[in-house]
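[1] Sequence first, predicted model second:
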Amino acid sequence: MAPHIHRRLRHDVVLRRLAVLRVEPLSPHMRRVTFGGPELRGFHSAAPDDHVKLFFPNRDGELVLPALGPNGAEFPAGREPSSMRDYTPRRHDAARGELVIDFVLHGDGPASNWAMQAAPGQRLGAGGPRGSHVIAGDFDRYVLMGDETALPAIGRWLEELPAGARATALVETPEAADRQALSSRGEVEIRWLARDGAEHGELLERALHELPAIAGDTFYWIAAESRRARAMRQWLDQRGVPKDWIKATGYWQAMEDEETD
Ligand SMILES: Cc1cc2nc3c(=O)[nH]c(=O)nc-3n(C[C@H](O)[C@H](O)[C@H](O)COP(=O)(O)OP(=O)(O)OC[C@H]3O[C@@H](n4cnc5c(N)ncnc54)[C@H](O)[C@@H]3O)c2cc1C
């Protein structure tokens with residue numbers, strides 16, 4: 001069995017103030033925001049599932065960012081701190097000085113609400129990425145699967161695949177109109193699974209269970225609501241997939257009283 005060496009990279013944590021350059025609707029539930037500004041200089045993202053911490057204006061409309069000191073991040077006293085949420089650097093163009101982030105419009109929450117009203121000239125804080133998990137490039141196939149919050153990472157992963165690499169993407173979206181055109185140099189099969197008004201259910205799980213086996217080694221990357229991501233990892237574990245061939249991450253958490261299955 002080939003060892004498939006993954007690499008973990010650490011980066012110095014930098015906190016930046018970024019300016020919104022453009023806002024584009026991508027689909028009914030996804031909005032693309034392109035950021036720029038002088039503080040983007042030096043930004044680096046080495047893996048498609050990297051994340052940055054975005055800081056949103058507080059209820060007074062102010063960005064209140066932490067200071068990075070010897071004891072970690074500390075917010076100034078006496079002011080409501082900015083809410084922070086994790087987002088994927090969907091595309092970074094160092095030459096143009098642009099960073100693209102795709103926001104899911106899921107309903108109420110500081111990040112989703114901000115994305116609904118985002119407009120050129122506004123500012124956000126962005127911290128990181130503080131590290132990158134670079135997955136070995138020598139698997140025979142990559143299965144990349146997740147709900148709409150995973151779509152930025154999956155889209156970037158497919159775009160960055162080298163020619164000849166094989167990938168199957170399973171993407172669950174709120175509705176069929178949330179499909180995106182994704183490009184790749186690899187040999188890629190994309191299956192779109194639209195919930196079409198149903199709650200987060202079993203679409204991804206069923207697609208995973210029914211995935212035809214192929215000869216060779218497969219790496220599984222999964223991102224979805226936390227309980228679902230955990231359950232899919234367990235299912236793969238129980239089928240004897242080596243732990244190192246699975247990365248399953250909860251990208252958001254349904255509240256206790258919210259049904260996800
Ligand atoms: C590593 C990483 C990368 C991520 N990358 C992206 C990305 O590129 N784009 C992106 O849109 N999201 C991404 N996410 C997910 C995003 O961080 C969460 O969805 C986040 O909770 C949104 O914050 P909020 O302020 O809008 O809602 P919150 O204040 O966190 O939550 C408010 C309510 O909304 C619910 N909720 C939160 N997210 C969702 C959702 N997606 N669908 C349905 N209900 C939800 C919560 O259960 C809660 O009830 C990523 C998460 C991680 C961990």
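    Structure received.
[2] C-alpha from now on. contacts and neighbour counts both.
    Noted.
[3] Isn't Leu21 up against Gly121?
    Yes: contact criterion Cα atoms under 8 Å: Leu21 and Gly121 qualify, at 6.5 Å.
[4] Can you pick out the residue with more neighbours from the two?
    When Leu21 and Gly121 are compared on other Cα atoms under 10 Å, the one with more neighbours turns out to be Leu21, at 18 against 12.
[5] Check the secondary structure at the more buried one for me.
    Judged by DSSP: H, G, I helix; E, B strand; the rest coil, the three-state class of Leu21 is strand.
[6] so who does it touch?
    Val33, Thr34, Phe35, Gly36, Ala119, Pro120, Gly121 (Cα atoms under 8 Å, 6 or more residues apart in numbering).
[7] filter these to the buried ones?
    Buried subset of the contacts of Leu21 (neighbour count, 16 or more other Cα atoms under 10 Å): Val33, Thr34, Phe35, Gly36, Ala119.
[8] Which secondary structure state is assigned to the last one?
    For Ala119, the secondary structure call by three-state DSSP comes out as coil.
[9] Let me know the distance separating it from the ligand.
    To the ligand, Ala119 is 17 Å away according to Cα to the nearest ligand atom, to the nearest Å.
[10] Just send the buried ones among the contacts of Leu21 back as JSON lines, with pLDDT and secondary structure too.
    JSON lines is the format used below for these (pLDDT from 0 to 100; DSSP: H, G, I helix; E, B strand; the rest coil):
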{"residue": "Val33", "pLDDT": "98", "secondary structure": "strand"}
{"residue": "Thr34", "pLDDT": "98", "secondary structure": "strand"}
{"residue": "Phe35", "pLDDT": "98", "secondary structure": "strand"}
{"residue": "Gly36", "pLDDT": "98", "secondary structure": "strand"}
{"residue": "Ala119", "pLDDT": "98", "secondary structure": "coil"}
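[11] ok, which pair from those residues is furthest apart?
    Gly36 and Ala119 (13.0 Å; Cα to Cα).
[12] longest helix of the protein?
    Counting residues, the longest helix found in the chain (DSSP state H) is helix 226-238.
[13] Check which helices and strands that one sits against.
    Packed against helix 226-238 by the contact rule (3 or more Cα pairs under 8 Å, 6 or more residues apart in numbering; DSSP states H and E) you find strand 218-225, strand 246-252.
[14] Between helix 226-238 and the shortest one, find me the angle.
    Going back to what we said before, that points to strand 246-252. 170 degrees (axes from the mean of the first three to the mean of the last three Cα atoms, to 10 degrees).
[15] about what we covered before: overlap of the contact sets of Gly36 and Ala119?
    Val20, Leu21.
[16] pretty sure Ser82 is touching Phe55, no?
    Yes: in this structure, Ser82 is within contact of Phe55 by Cα under 8 Å, at 5.5 Å.
[17] Compare those two and say which is more crowded by neighbours.
    Higher neighbour count among Ser82 and Phe55: Phe55, with 26 against 23, using other Cα under 10 Å.
[18] show me what contacts the more buried one?
    Shown in contact with Phe55 (Cα under 8 Å, 6+ apart): Leu63, Leu65, Ser82, Ser83, Met84, Arg85, Leu124, Gly125, Ala126.
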